[in-house]
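Q: Please work out how this folds:
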Amino acid sequence: MLFCVLVSCSGAGKSNGIIKSVEKTDSCNLNSKNTYEVYIPQRNNADDKLPVVVIIDAHGNGQFALNNFKRAANQYPAILIASNLIKNGFSGYKSAIQTLMDDVRHKYPINEIVYMTGFSGGARMVLDYGLTHPLNGLIMCGALANADQINTLRCPVIAISGMDDFNFMETAQYLFQEQSTPANLKIELTNASHSWPDSLMLSNALGFLSFTGEGADIAFRNEPSLKNFCQHQLARINSLKQQGDFLKAVLVARNMAFDGPFSSYVNFDSIFLALKTHPNYISQLSRLKKCLQYETGARQGYVDAFQTKDTLWWKTEIRTTEYKIQTEQDSYSKDMYRRIKGFWGIACYSLCKQALHPQNAEALTKILYVYRMLEPENPDMLYFSAFPPLWAGNNETTLSTLKKALKAGFSDRSQLKNDFPESITTKL
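A: Residues are numbered from 1 along each chain as shown. Have a look, this model is predicted:
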């Protein structure tokens, strides 16, 4: 009888069935405003501990960012944690990330493996956090860092960059400097512009970290999933070659070559060496270099143009560039014009912010004219448009403009309350 009791007790608390996936919103015990989205994929046992992927979205949209990673977490089991609080312009983000990490460790079944990822400003924040905290892998989307910072991280860094993204130059520098590119930097190119990559690209990135990241589970590397991962990457390379996109094919092959546990299944080393000497790759790299050289000079000219050119000049320039985007046959030139247009948009955003504090209505109105032509439905542009009527005492127009901004997607209610009087914000 005593033996039966001991056996019964030893099994208490353990699950014999599949543990279903969990999705919820939570908040940190030490700061209730520090809320985050949680996704725990299906597990075989309640005692199983998983790696954690901490996600920082530039706009603090934790749910949207988390949804992009669900496919990855299901395929390469990991717990997803996406912040709703931390976003562009958030001061004290490193402390907030640490508070989030401490809370997650206390509440959820995570092991010692920590991956972080971010988009745009979120990528820069997780990079900054990683420079002073140990990480097992970093996925940077829509932004990158200098070589010294990447080397300092001492973990795999996957950079995913849209070729038509205005931040693409941060990534492009490494395409021409193979010998000085940090060994831990892996680059993937998309045509997703300035946005989160699709779920398949993010799944590839998490899969790569799962097999190569420092501290990755050795047993997991030996599973058939490793062979499947290698075959999938080989299929990607062959598909890109068939499409004539040798630049992307070379980068995928380079990522898989020379290190990691992949050589037992596919000889990516020889594939990479053959691809990078292919005439098509050399030609594409040359075309890209010419576009980047032109763009570098043009950007400085446009910075000056915001101060020196009138609205009629900008109207003509925008129409001409949009026409080139629609009609240009060369993909590298088309991407260049898209990057230039994106650069105008981010410049307008920055110049609008600069005009707010001195309440420079004349400068703000001039920039808004350009901003409105570029991105007529942009929520930030609509938000900035509410300031001139506010300064002029026209509360009715201010209120209607803010309603348009909210309808278009402006979501920073706390910023809105700081910028506008209560007599207006209470009506929104």
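Q: By residue count, which helix of this protein is the longest?
A: helix 279-308 (DSSP state H).
Q: Sort out which residues of it are buried, please.
A: Tyr281, Gln284, Leu285, Arg287, Leu288, Cys291, Leu292, Glu295, Ala298, Arg299, Ala305, Phe306 (16 or more other C-beta atoms under 10 Å). In this view, the C-beta of every residue, glycine as well, is placed from N, C-alpha and C.
Q: for the closest residue in space to Ile424 that isn't next to it in sequence, what are its contacts?
A: Setting aside the residues directly before and after it, Ile424 is nearest to Leu399 in space (C-beta to C-beta, 6 or more residues apart in numbering), at 5.5 Å. Shown in contact with Leu399 (C-beta atoms under 8 Å, 6 or more residues apart in numbering): Ile424, Lys427, Leu428.
Q: correct me, but the last one touches Leu416?
A: Yes - proximity of Leu428 to Leu416 meets the contact threshold set by C-beta atoms under 8 Å, at 7.4 Å.
Q: So which of those two has more stuff around it?
A: Just comparing Leu428 and Leu416: by other C-beta atoms under 10 Å the higher neighbour count belongs to Leu416, 18 against 13.
Q: For that one, give me its contacts.
A: By C-beta under 8 Å, 6+ apart, the neighbours of Leu416 are Tyr383, Leu402, Phe410, Thr425, Leu428.
Q: Kindly indicate the member of the residues you listed with the most neighbours.
A: Tallying neighbours with other C-beta under 10 Å puts Leu402 at the head of the contacts of Leu416, with 24 neighbours.
Q: Backbone dihedrals for it, both of them.
A: phi -60, psi -40 (degrees, to the nearest 10).
Q: Distance of it relative to Pro389?
A: 10 Å (C-beta to C-beta, to the nearest Å).
Q: just the contacts of Leu399 now: which is nearest Thr327?
A: Leu428 (42.0 Å; C-beta to C-beta).
Q: got a pLDDT number for the closest residue to the closest one other than its chain neighbours?
A: What sits nearest to Leu428 in space, not counting adjacent residues and going by C-beta to C-beta, 6+ apart, is Leu402, at 6.0 Å. With respect to pLDDT, Leu402 scores 97.
Q: model confidence over the helix or strand where Thr117 lies, on average?
A: Here Thr117 is covered by strand 110-119, with elements defined by DSSP states H and E. Strand 110-119 comes out with an average pLDDT of 96.
Q: and if you look at stretch 239-250?
A: Across stretch 239-250, pLDDT averages out at 97.
Q: Now do the buried residues in that stretch.
A: Quick answer for stretch 239-250 (16+ other C-beta under 10 Å): Leu240, Lys241, Asp245, Phe246, Leu247, Lys248, Ala249, Val250.
Q: Surely the second one touches Leu247?
A: No - counting by C-beta under 8 Å, Lys241 does not reach Leu247; the two are 10.9 Å apart.
Q: For Ala235, see how far away the residue positioned nearest the centre of the chain is.
A: Residue closest to the average C-alpha location in the chain (C-alpha atoms, centre = their mean): Phe119, at 2.2 Å. Noted for Phe119: a distance of 27 Å to Ala235, by C-beta to C-beta.
Q: same check, this time on Asn44
A: 29 Å.
Q: Quick check: the residue nearest to the centre of the chain vs Glu396, distance?
A: 37 Å.
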